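Peer 1: Next comes the sequence, and after it the predicted model I'd like to discuss.
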Amino acid sequence: MHQAHEMIVSGFGGQGVLSLGQILSYGAMIEGKEVSWMPSYGPEMRGGTANCTVIVSESRISSPIVSRFDSAVILNQPSLEKFEGSVKPGGMLFFEESAMIRPPKRTDIEVLGVPALQEAVKLGKKQVANMVMLGAFLQRCPLVQSESILEALKGVLPERHHHLLPLNKQALMAGIEFAFRRERSSKRTLAGPGTGIPVERHN
Amino acid sequence: MARKAQSHLPQSIRLRSGNQMMAEGALQAGCMFFAGYPITPATGIFKTMIDLLPAKGGIALSAPDEISAIAYCIGASMRGSRSMTATSGPGWALMIESIQYALMTETPLVVSLVQRLGPSTGGATQGAQGDVLLAEFCTSGGYTLPVLCPTNASECYELTILAFTWAELLRMPVILLSDKETGMTIESVDFSSLPRSTAQNRPSNFAFRDLGTHNRTERKGTYYFDALHEIPPFAPVGGDRKVTATGSAHDKQGRLQKNSTETIDVLKHLEQKISWRRDDFVSVVSDLQPSATTLVVSYGVTARAARSAVQQARNAGERISLLVIHSLFPIPVKKLAHALQGVDTVLVAEENMSGLYRSVLERYCKGAKVRGVNKIGAMITPEEILEAVFEEPWQPA
């Protein structure tokens, strides 16, 4: 891992954008790292745009705002248009497959489309799509151990939702597995980070 | 390289927002009364106080509006409780009448003002640093009100304790000027590194007598002082002494009067009690470099971008100093003068349109060229500060 990993998570309000970032931050904190989670959203309760900047660092974080990101997790089209250009060359971009009419075009970064919503629906609750996304992210970018994420869920979810912990775990695992399978298939084509070849282009 | 997840996280490290830390700082400072009216982005303070204060034996009230909220707090403080309220720009506009009343009646009070984009209801979820002068110059007559401005969650805690100490010692309202990003960003906070002290007490009749600083045998009125800068000993409303509180011009007994020498003295005293002590009531973080020719001055969340920018500029070989100001008012004139030695350019970075704090700092920066880094609608990035430092587009290494 770098000294600091700076990422953006962005989508519509209600997609679990802010909680995805918060769970990741909590997990990183459990592992003793410095974290900063900065939310940004509109005044609407639901349906507005929402994003959060998450920084995970081995040392003290000075600025919680950054203009360019090591990775981006994108859950809707407007966010993709806004943030695709802000990912550092060689960085990573994860996006919700079902949400994009115009998929990302960058070729100097690793791009991974994740059918997170579809996986979540298979599990019976589309609300856990964000956890599928987080799983896929962590498989490609192991900032935090998945055990820490499960630990973090206990801290972030209110007690009354703790019966949903197993489902969230399943969703996380589904994401990890998806990215793992994609990795294996892409290795044959020598794609991936550092090769300059995206894992997959969605045209 | 798989690392084992550490589930044995030290108890002292927790994830907290600036708002939560402000509330926890207030509890540590001995705040026993909170009244508020929810408003984004200050609601986190309100919610945390409602959650935690009753268990500490204090009272946390949800007021019907901001005017009532601050009025409740003033009442509680007059009775002797350390009190606090929290709001944002639109609520602050409603509180301005009452904060002047607190100043005039020499009532200790802490008001947390978590800034959002204005004017009017503006952008509820949009950060800004546009209330700096509205906070400071909210009184008719332009009396100095202490304004403390944290840059991160830990400082929210520390400066809240400091705000209570200042409010109590000076017997006046103190403003904690936060902003949406500082208040709502969640960070890892190591509680073991935070101060354990509580806020100091307001000077009471007893304290004065015990210290022997005043050989007064009897109390000479609610606002009695000998020298203009003296802080009158506090006696609670409803106690064994008569206390008169009025927002109108009054003498040292609290009797309504106008234009008498004593009344004018009371007004001068309201300013003197802080301006006489201005060199003691200072909180800044100076990161000065010998022979630096550029000084970056910043506060609040923008100070963090400034810190990052200064680090990057130094890595690029620039000799540059940084002054992060917590106590925006009274202006830390001596610390500023010290930081200005040998400096020919001052950059003041703040998230507002016209450079509000720069406009009051300029007169203390004689001999240096003062420029602003300003922006509204989004936070100032380290790159934007670097571009101002080098006066050309910044190419990251």
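Peer 2: On my side now, so go ahead.

Peer 1: Test my guess that residue A:120 contacts residue A:128.
Peer 2: Yes - here residue A:120 reaches residue A:128: they are 4.8 Å apart, a contact under Cβ atoms under 8 Å. (Each C-beta comes from the backbone N, C-alpha and C, glycine too.)

Peer 1: How far off centre is stretch B:15-24?
Peer 2: 15 Å (Cα atoms, centre = their mean, to the nearest Å).

Peer 1: export that stretch as CSV, just CAs?
Peer 2: Below are the C-alpha coordinates for stretch B:15-24, written out as CSV (Å, rounded to 0.1, in the frame of the first residue of the first chain):
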residue,chain,number,x,y,z
LEU,B,15,-14.1,7.2,14.7
ARG,B,16,-15.7,10.6,15.4
SER,B,17,-17.0,13.6,13.5
GLY,B,18,-16.0,17.1,14.4
ASN,B,19,-19.5,17.7,15.6
GLN,B,20,-19.4,14.7,17.9
MET,B,21,-16.0,15.8,19.3
MET,B,22,-17.4,19.3,20.0
ALA,B,23,-20.2,17.8,22.0
GLU,B,24,-17.7,15.5,23.9
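
Peer 1: now that stretch: mean pLDDT?
Peer 2: Averaging pLDDT along stretch B:15-24 gives 97.

Peer 1: can you check stretch B:145-156 too?
Peer 2: For stretch B:145-156, the per-residue pLDDT averages 97.

Peer 1: in what helix or strand does the residue of chain A found nearest chain B lie?
Peer 2: Taking Cβ to the nearest Cβ, chain B has its nearest neighbour within chain A at residue A:147, 3.5 Å off. Following DSSP states H and E, one finds residue A:147 within helix A:146-156.

Peer 1: now residue B:111
Peer 2: Taking DSSP H and E as the definition, one finds residue B:111 inside strand B:109-115.

Peer 1: how far does that strand sit from the chain's center?
Peer 2: Worked out by Cα atoms, centre = their mean, strand B:109-115 lies 7 Å from the chain centre.

Peer 1: Return the set of buried residues in the helix holding residue A:147.
Peer 2: Across helix A:146-156, burial judged by 16 or more other Cβ atoms under 10 Å in any protein chain shown covers A:146, A:147, A:148, A:149, A:150, A:151, A:152, A:153, A:156.

Peer 1: Next, format those residues as a markdown table and append pLDDT.
Peer 2: Output for the buried residues of helix A:146-156, formatted as a markdown table (pLDDT from 0 to 100):
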| residue | pLDDT |
| --- | --- |
| A:146 | 91 |
| A:147 | 93 |
| A:148 | 94 |
| A:149 | 95 |
| A:150 | 94 |
| A:151 | 93 |
| A:152 | 94 |
| A:153 | 94 |
| A:156 | 89 |
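
Peer 1: and the next element down the chain from the longest helix seen in chain B?
Peer 2: Using DSSP state H to define each element, chain B has its longest helix at helix B:153-170. Scanning forward in sequence from helix B:153-170 by DSSP H and E, the next helix or strand is strand B:173-179.

Peer 1: List the strands paired with that following strand, with their directions.
Peer 2: strand B:109-115 (parallel), strand B:147-148 (parallel) (DSSP bridges).

Peer 1: got the angle for that strand vs helix B:153-170?
Peer 2: Note on geometry: by axes from the mean of the first three to the mean of the last three Cα atoms, to 10 degrees, strand B:173-179 and helix B:153-170 are set 170 degrees apart in direction.

Peer 1: what mean pLDDT does strand B:173-179 have?
Peer 2: On average, the pLDDT along strand B:173-179 is 98.

Peer 1: Output it as CSV, nothing but the C-alphas.
Peer 2: Provided in CSV are the C-alpha atoms of strand B:173-179 (Å, rounded to 0.1, in the frame of the first residue of the first chain):
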residue,chain,number,x,y,z
PRO,B,173,-20.0,34.7,25.0
VAL,B,174,-17.4,32.8,23.0
ILE,B,175,-18.0,31.6,19.4
LEU,B,176,-16.7,28.3,18.2
LEU,B,177,-16.5,28.8,14.5
SER,B,178,-16.6,25.4,12.7
ASP,B,179,-17.6,24.6,9.2
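
Peer 1: Just after it, pick out the following helix or strand.
Peer 2: Per DSSP H and E, the first helix or strand lying C-terminal to strand B:173-179 is helix B:180-184.

Peer 1: all helices for chain B, in order.
Peer 2: B:18-28, B:43-52, B:66-78, B:89-104, B:132-136, B:153-170, B:180-184, B:205-211, B:261-275, B:302-315, B:333-339, B:356-361, B:382-390.

Peer 1: And the third one, how far out from the chain middle?
Peer 2: Mean C-alpha position of helix B:66-78 versus that of the full chain (Cα atoms, centre = their mean) differs by 18 Å.

Peer 1: Can you list the buried residues in that helix?
Peer 2: B:66-78.

Peer 1: can you pull the contacts of the spatially most central residue of chain B?
Peer 2: Centroid-nearest residue in chain B, with Cα atoms, centre = their mean: residue B:148, separated by 2.3 Å. Listed by Cβ atoms under 8 Å, 6 or more residues apart in numbering or on different chains, the contact set of residue B:148 reads B:159, B:162, B:163, B:166, B:174, B:175, B:176, B:177, B:283, B:326, B:327, B:328.
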